[in-house]
Structures are given as structure tokens and as C-alpha cells.
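Trainee: Sequence first, predicted coordinates after that:
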Amino acid sequence: MRRFIFVFTAVLVIAALAACASSDRVRSLQEPVGNLAIYTSMYKNIIMSVRTVLERQFPDYHVQFLYGGTGLIQARIATERDA
């Protein structure tokens, strides 16, 4: 079940980035064209695998993984949402 959730999440992230990267204007910029923050409680070795794939597929994006337990991640998202 965890593997399914990981694969599903990775596919969603890659699809979202691919949709954003389709315009010529985005491709012509020299600096990173966007930031992507991924809140996760996945194991760090899985995060590193996903990071490697994302950096290879989308070199113009800055990907940041925010790692923590489920409760910590939920609290952080709630705090940022309310800010």
C-alpha cells in the first residue's frame, strides 16, 4: 500500500510539473522557473530517489522536500494555510 501511495504521489508531481513546463516562455528563462515544496513523511531514501528523478526531468525547478512525521507535516500545512 505504501508503494502504491508513493508511486501515485510521484506520478502526480511529475504530471503537474510537466503541465507547467509546456510553455515556451517558461523554457526560455535562465533561472529556475518555479519552486515546488513537497510535504512528506516518506522515508528519506525514497525522497532522495524522487528528488533525483525530478531534478533530472525538470532542471529549471527548485524542489524542496519538507520531511517530518504526519502530525508535524499536518501542523506545518495548517500554519502556512492560515498565514
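Mentor: Done, it's in.

Trainee: Thought residue 54 was touching residue 14, still the case?
Mentor: Yes: with contact defined as CB atoms under 8 Å, residue 14 and residue 54 form a contacting pair (7.2 Å). (Each C-beta comes from the backbone N, C-alpha and C, glycine too.)

Trainee: what about these two, which has more around it?
Mentor: Legend: neighbour count by other CB atoms under 10 Å for residue 14 and residue 54, higher for residue 54 (19 against 15).

Trainee: Apart from its neighbours in sequence, what residue is nearest that one?
Mentor: Here the nearest residue to residue 54 in space, its sequence neighbours aside, is residue 63; by CB to CB, 6 or more residues apart in numbering that works out to 5.1 Å.

Trainee: ok, the strand or helix carrying that neighbour: who's next to it in the sheet?
Mentor: Per DSSP states H and E: residue 63 is located in strand 61-67. With DSSP bridges as the criterion, the sheet partners recorded for strand 61-67 are strand 34-40 (parallel).

Trainee: List the buried residues in the partner strand.
Mentor: Buried residues in strand 34-40, counting neighbours by 16 or more other CB atoms under 10 Å, are found at 36, 38, 40.

Trainee: Likewise for stretch 65-81?
Mentor: Within stretch 65-81, the residues scored as buried using 16+ other CB under 10 Å are residue 65.

Trainee: Which residue ranges of this protein form helices?
Mentor: 2-20, 24-27, 44-57, 70-82 (DSSP state H).

Trainee: Let me have those helices in TSV, extended by mean pLDDT.
Mentor: What follows is the helices of the chain, written out as TSV (pLDDT from 0 to 100):
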stretch	mean pLDDT
helix 2-20	68
helix 24-27	51
helix 44-57	88
helix 70-82	87
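
Trainee: Just list the residues touching the residue nearest to residue 54, thanks.
Mentor: By CB atoms under 8 Å, 6 or more residues apart in numbering, the residues touching residue 63 are 35-36, 38, 51, 54-55.
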